[in-house]
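K.L.:
My questions concern the predicted model and sequence given below.
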Amino acid sequence: MNKTRCKWCNPTNPLYVLYHDTEWGVPNFDDHYLFEMLILESFQAGLSWECILNKRNDFEKSYDYFDIDKIILYDDNKIKKLLKNKKIIRNRLKIKASIHNAKIFKIIQEEFGSFYNYLETFVGEEIRYELGKTTNDLSDQISNDLQKRGMKFVGSITIYSYLQAIGVVYSHDRNCFLYKNS
């Protein structure tokens, strides 16, 4: 029996179906995961999530399995190597921003004890159930704060997608087999 999924999920892409069914919207507040998703979401800006998801394994390998302590040390040679890697998004601004954002992410971890503790100052422990939005007051607040701290490619739409991905905002379509409203 075929399951009805959210309209954005390409049913012919097994990676996308697996992501939709097992990961998207599932609360995961592990800092390593939060960092990975922030990097991937920032690369998504202007592109489709399916494009990023199809390159996720290559991003993981190219970005030292999202080891923040390695990424914050990336230099011009590593940037050149990333720019030559046809398996990832080769946007110079996004690559440089990912390294810069890693440094800020690390500072936030040190300031708050974890990135999740930082997010909790905005979110609390409540999951929001919303449909049909691309931003909300929460994504606006977090985006503004991250930008004030110097992060790039973290506009409100990107942060809203991030919050959906990590399970802070639950947005499965009404006809999706995973839909719930509380």
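P.N.:
Noted; the coordinates are in hand.
K.L.:
Below-threshold pLDDT in this protein: ranges please.
P.N.:
1 (pLDDT under 70).
K.L.:
quick one, strands of it?
P.N.:
In the chain, the strands defined using DSSP state E lie at 128-129, 169-170.
K.L.:
ok, now which ones touch residue 145?
P.N.:
By CB atoms under 8 Å, 6 or more residues apart in numbering, the residues touching residue 145 are residue 122. Where C-beta positions appear, they are placed from N, C-alpha and C, glycine not excepted.
K.L.:
Distance check, it against residue 154.
P.N.:
9 Å (CB to CB, to the nearest Å).
K.L.:
swap in residue 47?
P.N.:
15 Å.
K.L.:
Then residue 168?
P.N.:
15 Å.
K.L.:
now do residue 94
P.N.:
Note on residue 94: its distance to residue 154, by CB to CB, is 11 Å.
K.L.:
check contacts around residue 149.
P.N.:
104, 107, 108.
K.L.:
ok, and the most crowded of the residues you listed?
P.N.:
Highest neighbour count within the contacts of residue 149: residue 108, with 20 neighbours (other CB atoms under 10 Å).
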